[in-house]
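Peer 1: this is the structure alone, sequence omitted:
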């Protein structure tokens, strides 16, 4: 048999194999057929779960309305990717690993989501569970001392959210040059004393970014924070590509510069900078568990006079005594108090009210609807006010 006949015979075997796999897909589980299929161009075969190993893998970095943005393992830029249209479409989240096909127009098509190692969830105000991210073990919280103004309650709530999901939390505090040095150092030492890795960074001058990068090198990290606090600047200083924006002169708020999501790879980890991750909150958390998410409260829990103490105004409260003694900072306690009152009011708003249709089904057509009593909220000191009072010695 000459070379030409040998080539023709091999090609005929491949065509026969392709034909059998199309009309008999169950043969894909037969090892000789599966091994032979890996030597055939994947476009010629229908995509089954066993054959999906031929597709390149990618990571989801952002979620759109009808598509996602992914970055293939051998690329650095994000591509828009279309999702499979099925009756039970499973929504993807940042951090998901997927198998996808590349398209000539620069887009992609997601074929399959790989198994999640972990997932980050929250409960919406409507009581539904929403997955925020997947396959991460660390949250990097970016905050600025000014422009936009520092929001300590948001910062502390993000830390509590990380404690709730047993994720390691790190802080990257920027724009320290806009406030007195003593204030910046005092706040940094406050969070370091609690055990949180806290970094003072000036990403534009590359101060503090080397230490931050070395700490993140072995973690799968999601960076979160309000717009304008310097997330994109930090991302660029660590080696990623980012469009650096500024703060609006009219509103004092940051401008969103991340539009498609970005991924920065480390030797043993990755950093995801994804827009729209502003939904981290403690809505739906049991009020009895809330205090344990402030780690400095834990030594005093269970030592109050009342077992169901919420540490707000109850007599003989061990947490309130610790605040008075200075063992717990007033600013951190004020963050807890604000979140606790907000969750309490939210729970009261969700009290069940029968609809008119339910009254009708019970034979109570003319019965009036029950009114829900709403708690009257009063003016509470913000964490910033509490911090200012402690600095003034008041």
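Peer 2: The structure has been received and is ready for your questions. This is a predicted model, so every value here is computed, not measured.

Peer 1: drop to CA atoms for contacts and neighbour counts, all remaining ones
Peer 2: Noted.

Peer 1: can you tell me the helix or strand for residue 62?
Peer 2: strand 57-63 (DSSP states H and E).

Peer 1: and the contacts of stretch 100-118?
Peer 2: Stretch 100-118 is contacted from outside by 52, 55-58, 79-84, 92, 96-99, 134-136, using C-alpha atoms under 8 Å, 6 or more residues apart in numbering.

Peer 1: and that stretch, what's its mean pLDDT?
Peer 2: On average, the pLDDT along stretch 100-118 is 92.

Peer 1: mind listing what's buried in it?
Peer 2: 100, 101, 108, 109, 110, 111, 112, 113 (16 or more other C-alpha atoms under 10 Å).

Peer 1: same thing with stretch 285-300?
Peer 2: Neighbour-count burial for stretch 285-300, counted by 16+ other C-alpha under 10 Å, picks out 287, 290, 291, 292, 293, 294, 296, 297, 300.

Peer 1: so what's residue 208 up against?
Peer 2: 199, 200, 201, 202.

Peer 1: against residue 181, how distant is it?
Peer 2: 15 Å (C-alpha to C-alpha, to the nearest Å).

Peer 1: do residue 161 as well
Peer 2: 29 Å.

Peer 1: more crowded one of those two?
Peer 2: Set residue 161 next to residue 181 and count neighbours by other C-alpha atoms under 10 Å: residue 161 wins out with 24 against 10.

Peer 1: just to revisit the earlier point, same list, the contacts of residue 208, but as JSON lines with pLDDT please.
Peer 2: Formatted as JSON lines, these follow (pLDDT from 0 to 100):
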{"residue": "199", "pLDDT": "93"}
{"residue": "200", "pLDDT": "90"}
{"residue": "201", "pLDDT": "88"}
{"residue": "202", "pLDDT": "83"}
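
Peer 1: from those, list just the buried residues.
Peer 2: By neighbour count, with 16+ other C-alpha under 10 Å, the contacts of residue 208 hold 199, 200, 201, 202 as buried.

Peer 1: which one of these is nearest residue 385?
Peer 2: Comparing the buried ones among the contacts of residue 208 against residue 385 with C-alpha to C-alpha picks out residue 200 as the nearest, at 22.6 Å.

Peer 1: what sits against the closest one?
Peer 2: By C-alpha under 8 Å, 6+ apart, the residues touching residue 200 are 172, 173, 174, 176, 188, 207, 208.
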